[in-house]
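Asks: next one to model:
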Amino acid sequence: ARMDILKIHATKIAKEGEIDYEAIVKLAEGFNGADLRNICTEAGMFAIRDERDYTIQEDFMKAVRKLNDVKKLESNLTYDSSFGDGGGNK
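Replies: This is a model prediction of the structure:
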């Protein structure tokens, strides 16, 4: 199911060579549909940084690794309930 979602998001992206969607989805364990869309966006950004007008497999793999790192950071953040109370609870 997630591979189908990734393929849908990747349809409008210019690609060159074989893209191994199965490998990308395996690395994207726990990603939701929005995260899969972000993989495609990041892959495009990696292609642009390399001054290409198409994506390759490595762009998608870099994107998954980057987003995995971001998700790990997000899961380590804790919410401090005292933050943002405006100091009104004295």
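
Asks: give me the neighbour count for Ala63.
Replies: The number of residues packed near Ala63 is 24, by other Cβ atoms under 10 Å. In this view, the C-beta of every residue, glycine as well, is placed from N, C-alpha and C.

Asks: and the helices in the protein, which stretches?
Replies: 2-10, 21-27, 33-49, 57-76 (DSSP state H).

Asks: residues contacting stretch 16-31, please?
Replies: Here stretch 16-31 makes contact (Cβ atoms under 8 Å, 6 or more residues apart in numbering) with 2-3, 6-7, 10, 35-36, 39, 54-57, 60-61, 64-65, 67-68, 71.

Asks: what's the ChimeraX line that selects buried ones from those residues?
Replies: Buried residues within the contacts of stretch 16-31, by 16 or more other Cβ atoms under 10 Å, are selected in ChimeraX with:
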select :2,6,10,35,36,39,55,56,57,60,61,64,67,68
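
Asks: can you check what pLDDT the model gives the spatially most central residue of the chain?
Replies: In the chain, the centroid-proximal residue (Cα atoms, centre = their mean) is Ile39; its distance is 3.5 Å. In this model, Ile39 is scored at 97, pLDDT.

Asks: list the contacts of Leu6.
Replies: Contacts here follow Cβ under 8 Å, 6+ apart; on that basis Leu6 touches 21, 24-25, 28, 36, 39-40.
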